[in-house]
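Undergrad: Any chance you could fold what I've pasted below:
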Amino acid sequence: MDYKTSNSIRYININSTSKMREAIKPDYKRLYMDILELKFPEKKEICAEVLNKEELETLDVIMLNTMIFGDRINNQKHKSYDQNSILEILDYQKKNPCSNKDLSLLFRISRNTITKWKRIYI
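TA: Predicted structure coming up:
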């Protein structure tokens with residue numbers, strides 16, 4: 001980050017922090033490969049198609065997590081979605097006519113979140 005100080009006031013160059021946020025993205029592909037190698041070698045074939053992608057998106061990571069560890073309903077509070085994943089979820093709703101309630105149950109997302117996404121992206 002670029003910092004400029006002036007009389008104990010610190011200014012941060014916003015452009016450098018946004019670049020830094022993009023750079024601090026975990027290497028999910030390597031992480032899940034290691035998990036499969038060490039703990040679940042029998043599930044390698046099931047996950048191979050997703051892991052062969054060049055870059056994993058948010059929905060891919062959620063799908064891999066479900067494939068490896070099964071459906072875990074607890075600890076759903078801290079999910080985050082990138083714009084591509086949000087648009088993919090909203091596109092799913094258009095292609096398969098379902099209500100916000102149905103979509104929220106399918107992807108385990110709050111109905112309020114889906115409504116907010118619709119306001120922003122549609």
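
Undergrad: Every contact and neighbour count from this point should use C-alpha atoms.
TA: Noted.

Undergrad: Could you find the closest non-adjacent residue to Glu57?
TA: Ser85 (7.1 Å; CA to CA, 6 or more residues apart in numbering).

Undergrad: Give me the mean pLDDT for stretch 100-115.
TA: Average pLDDT, stretch 100-115: 93.

Undergrad: Can you give me the buried ones in it?
TA: For stretch 100-115, a neighbour-count test (16 or more other CA atoms under 10 Å) marks 100, 103-104, 109, 111, 114 as buried.

Undergrad: State the helix or strand in which the residue nearest to Glu57 lies.
TA: In this structure, Ser85 sits in helix 83-95 according to DSSP states H and E.

Undergrad: Any buried residues in that helix, and which?
TA: So for helix 83-95, counting by 16+ other CA under 10 Å, buried means 86-87, 89-90.

Undergrad: And for stretch 49-58?
TA: 50-51, 57-58.

Undergrad: Report all helices and strands that the strand or helix carrying Lys101 contacts.
TA: Assigned by DSSP H and E, Lys101 falls within helix 100-107. Judged by 3 or more CA pairs under 8 Å, 6 or more residues apart in numbering; DSSP states H and E, the packing partners of helix 100-107 are helix 111-121.

Undergrad: Kindly calculate the angle that the helix it packs on makes with helix 83-95.
TA: Orientation of helix 111-121 against helix 83-95 (axes from the mean of the first three to the mean of the last three CA atoms, to 10 degrees) gives an angle of 100 degrees.

Undergrad: Please enumerate residues in contact with helix 111-121?
TA: Helix 111-121 is touched from outside by 86-87, 90, 100-101, 104, with contacts defined as CA atoms under 8 Å, 6 or more residues apart in numbering.
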